[in-house]
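Asker: With the sequence up front, the predicted model follows.
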Amino acid sequence: TYAQRISRNPRVLPLAFAPKVAGTFFCHAAIHAIGGRLVRAPYAMGGRDGSFYFPSMLAAFRDQTTPPVVMHIHMQAFNSNRHFIEAFNLKPIIMLRSIPDALASFWDMMIRSELLRSEGFQALIPPNFLEMTKGEKADYIIDMYAPWYASYFASWKAFHNDAPDRICVLDYAEFSRRPAPSLHREVNHAGFNVPLVK
């Protein structure tokens with residue numbers, strides 16, 4: 001196919017991280033490691049989890065005069081996304097983190113970020129979230145966001161089971177202890193030959 005022809009050489013490093021699993025840090029570190037640039041993968045940010053935007057992907061592969069692209073996207077491995085990944089021969093990276101830990105971090109972000117509260121993620125955040133009791137906040141977070149995290153990890157596990165060489169799975173605890181080897185493994189998995197800096 002046309003997508004397979006233009007994507008023979010690695011040009012895109014896709015970080016399909018869940019929220020609050022060090023995705024922003026990894027994104028900036030990966031940009032530095034490969035001399036790349038950030039391109040927003042979906043057509044719009046905020047609201048529901050994203051899917052790759054076809055025009056952005058075409059531009060990333062067709063324009064060989066610009067630096068390679070790092071795409072950071074909160075994306076589940078649904079069939080439509082899997083077909084897109086396979087068509088462009090992408091090598092996504094995901095990060096495993098305890099769901100309770102991720103939810104606690106997400107809760108903290110909801111308290112600190114007015115932007116997140118106004119845009120939401122997967123669900124509308126109640127306008128009175130800050131005034132809710134601790135128990136009400138906990139119930140809301142668990143009811144609305146724990147199922148998304150469970151679905152996210154289940155979808156990527158299924159994809160990894162089917163195509164283990166395509167998906168690079170990193171571990172948050174291991175990354176916290178040894179970030180450089182984790183980053184090295186990530187970028188080389190995606191096809192970018194970057195030396196390990198110790």
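Answerer: Perfect, I can see it now.
Asker: tell me which residues in the longest helix seen in the chain are buried?
Answerer: When the chain is parsed with DSSP state H, its longest helix is helix 134-162. For helix 134-162, a neighbour-count test (16 or more other C-beta atoms under 10 Å) marks 137, 140-141, 144-145, 148-149, 152-153, 155-156, 159-160 as buried. For glycine as for every other residue, the C-beta is placed from the backbone atoms N, C-alpha and C.
Asker: Take those and write them to TSV, including distance to residue 76 and pLDDT.
Answerer: Below are these laid out as TSV (distance: C-beta to C-beta, whole Å; pLDDT from 0 to 100):
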residue	distance to residue 76	pLDDT
137	25	97
140	21	96
141	19	96
144	16	94
145	13	94
148	8	94
149	10	95
152	5	96
153	9	96
155	4	97
156	7	98
159	9	97
160	13	97
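Asker: Turn those into JSON lines, including distance to residue 38.
Answerer: Formatted as JSON lines, these follow (distance: C-beta to C-beta, whole Å):
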{"residue": "137", "distance to residue 38": "32"}
{"residue": "140", "distance to residue 38": "31"}
{"residue": "141", "distance to residue 38": "28"}
{"residue": "144", "distance to residue 38": "28"}
{"residue": "145", "distance to residue 38": "25"}
{"residue": "148", "distance to residue 38": "24"}
{"residue": "149", "distance to residue 38": "24"}
{"residue": "152", "distance to residue 38": "22"}
{"residue": "153", "distance to residue 38": "25"}
{"residue": "155", "distance to residue 38": "24"}
{"residue": "156", "distance to residue 38": "22"}
{"residue": "159", "distance to residue 38": "24"}
{"residue": "160", "distance to residue 38": "25"}
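Asker: Name the nearest of the residues you listed relative to residue 57.
Answerer: residue 159 (18.2 Å; C-beta to C-beta).
Asker: Is residue 169 in a helix, a strand, or coil?
Answerer: Residue 169 falls in the strand class when you classify it by DSSP: H, G, I helix; E, B strand; the rest coil.
Asker: residue ranges of the helices in this protein, please?
Answerer: Under DSSP H, the chain gives helices at 2-6, 23-34, 54-62, 79-87, 99-112, 114-119, 134-162, 172-177, 179-189.
Asker: Now do the contacts for the closest residue to residue 57 other than its chain neighbours.
Answerer: In this structure, residue 57 finds its nearest non-sequential neighbour in residue 88, 6.0 Å apart by C-beta to C-beta, 6 or more residues apart in numbering. Neighbouring residues of residue 88 by C-beta atoms under 8 Å, 6 or more residues apart in numbering: 3, 4, 7, 12, 57, 61.
Asker: can you check residue 139 too?
Answerer: Taking C-beta under 8 Å, 6+ apart as the definition, residue 139 has no contacts.
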